[in-house]
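**Q** build the 3D model from these lines:
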Amino acid sequence: MSSALLITGRELKAFVRSPLGYVAAAAALLINGILFMTQALGGTDAKRLSAKVLEQFFYNASGVTMILGVVLSMRLIAHEHESGTLVLLKTSPVRDRDVVIGKFAAVMAVMLVITALTAYMPALIFVNGKVSVGHILVGYLGLALLGAATAAVGLFSSAIAKNQVVAAIISAAIMGTLLLLWLVAKISDPPVTDFINGLAVHHLRQRDFMTGVMRLENVVYYFAVAFFFLLAAIKTLEARRWR
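**A** Coordinates of the predicted model:
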C-alpha cells in the first residue's frame, strides 16, 4: 500500500506541474457553468421546479464528467510508454497492482476536486428556490461513481495503448458503447432488453442519482465496472512485464 501511495503522490505532482490538469479543470468548470446558466436555469421553461433545475444540472455535469475522466486518464500509463519510463516501472519492485491503484487514486482525487468546485451551482438554486440537501449529495455521489467507472476505463485503455491519442480513442469507444447500449435495448426483446439496459452506463443508472434516489444496485454496478477495468489494467501490465 505504501508503494501505491508513492505512485499517487507522484501522479498528483505530475498533474500540478502539467498544464493538462489546469486546462481540464478550467474547461470542465466553464462548460458546466455555461450549461447550468443556459440549460438548467434558463432552458425552455424558465419557471421549472427547483428539483428539475438540479436534475438538469446533474444531467449536464454527468456528460462533462465522462469527458473529463477520459481526458485525465488517457495519459496515466500511455505517457509512461511514450517517455520511456514504463521500463523503469516494469523493472522496479513496485507491483503492477500498486501502479494501477496509485494512478487511479490520483486521477480520482483530481476529478473529485474539480467536481467539488461546481458546488456553487446547486447552491445558487437556494437563492430563489428550495431543494433537498440529500438530493444534492446523492447527485454528486452519482457523478463520483460515474467518474470512477470512466477513469477505470481510461486507465485500462492507457495500459493497452502505446500513446495517449490511441488511449483516448479506445476510451471513447468503450464509453460510447456502454453509453449507447440503451439504444440496442430498444430494439431487443425481453428479457434481453432489461439485461442490456442494465449494462448501459448512463441512461437508467444515472437517472436515479439525478432525481435524488440512491439504489444499491446502481452503486454496485459502478463499483463492478470500475473493478473490472482496473483488474483488466493490472493483468495487462502483468502480461507486458513478462514479455
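**Q** residues near residue 239, how many?
**A** Counted with other C-beta atoms under 10 Å, the neighbours of residue 239 add up to 12. C-beta here means a position set from N, CA and C on the backbone, and glycine is covered the same way.
**Q** can you name the next helix or strand after the longest helix along the chain?
**A** Taking DSSP state H as the criterion, the chain has its longest helix at helix 133-160. The first helix or strand that comes after helix 133-160 along the chain, using DSSP states H and E, is helix 164-186.
**Q** about what we covered before: run the angle between the longest helix of the chain and helix 164-186 for me.
**A** Using axes from the mean of the first three to the mean of the last three C-alpha atoms, to 10 degrees, one finds that helix 133-160 and helix 164-186 are set 120 degrees apart in direction.
**Q** what angle do the helix or strand harbouring residue 232 and helix 164-186 make?
**A** Assigning secondary structure by DSSP H and E places residue 232 in helix 216-241. On the basis of the same axes, to 10 degrees, helix 216-241 is oriented at 140 degrees to helix 164-186.
**Q** what does the average pLDDT come to for helix 216-241?
**A** The predicted model assigns helix 216-241 a mean pLDDT of 90.
**Q** what's it packed up against?
**A** helix 86-91, helix 96-116, helix 133-160, helix 205-210 (3 or more C-beta pairs under 8 Å, 6 or more residues apart in numbering; DSSP states H and E).
**Q** for that helix, list every residue counted as buried.
**A** When burial is assessed from 16 or more other C-beta atoms under 10 Å, helix 216-241 yields the following buried residues: 218, 221-222, 225-226, 229-230, 232-234, 236-237, 240.
**Q** can you list phi and psi of the closest residue to residue 103 other than its chain neighbours for me?
**A** Of all residues beyond its chain neighbours, the one nearest residue 103 is residue 76 (4.5 Å), with distances taken as C-beta to C-beta, 6 or more residues apart in numbering. The phi and psi torsions at residue 76 (degrees, to the nearest 10) take the values phi -60, psi -50.
**Q** quick one: least confident helix or strand in this protein?
**A** Of all the helices and strands that make up the chain, the one with the lowest confidence by mean pLDDT, DSSP states H and E is helix 86-91; it has a mean of 58.
**Q** what about this protein, any weak spots by pLDDT?
**A** Within the chain, the set of residues satisfying pLDDT under 70 comprises 1, 40, 42-48, 82-93, 240-243.
**Q** go again using 80 as the cut-off
**A** 1-3, 39-50, 78-94, 127-129, 185, 188-189, 239-243 (pLDDT under 80).
**Q** and stretch 189-199, C-alpha only, in PDB?
**A** Taking Å, rounded to 0.1, in the frame of the first residue of the first chain, the C-alpha atoms of stretch 189-199 are listed here in PDB:
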ATOM      1  CA  ASP A 189     -36.900  -8.400 -26.900                       C
ATOM      2  CA  PRO A 190     -37.400  -9.200 -23.200                       C
ATOM      3  CA  PRO A 191     -35.700 -10.400 -21.100                       C
ATOM      4  CA  VAL A 192     -32.600  -9.300 -23.200                       C
ATOM      5  CA  THR A 193     -33.900  -5.700 -23.100                       C
ATOM      6  CA  ASP A 194     -33.600  -5.500 -19.300                       C
ATOM      7  CA  PHE A 195     -30.200  -7.100 -19.300                       C
ATOM      8  CA  ILE A 196     -28.800  -4.700 -21.900                       C
ATOM      9  CA  ASN A 197     -30.400  -1.700 -20.200                       C
ATOM     10  CA  GLY A 198     -28.700  -2.800 -17.000                       C
ATOM     11  CA  LEU A 199     -25.300  -2.600 -18.700                       C
END
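**Q** how about residues contacting it?
**A** In this structure, residues lying in contact with stretch 189-199 by C-beta atoms under 8 Å, 6 or more residues apart in numbering are 178, 181-182, 184-186, 188, 203-204, 221.
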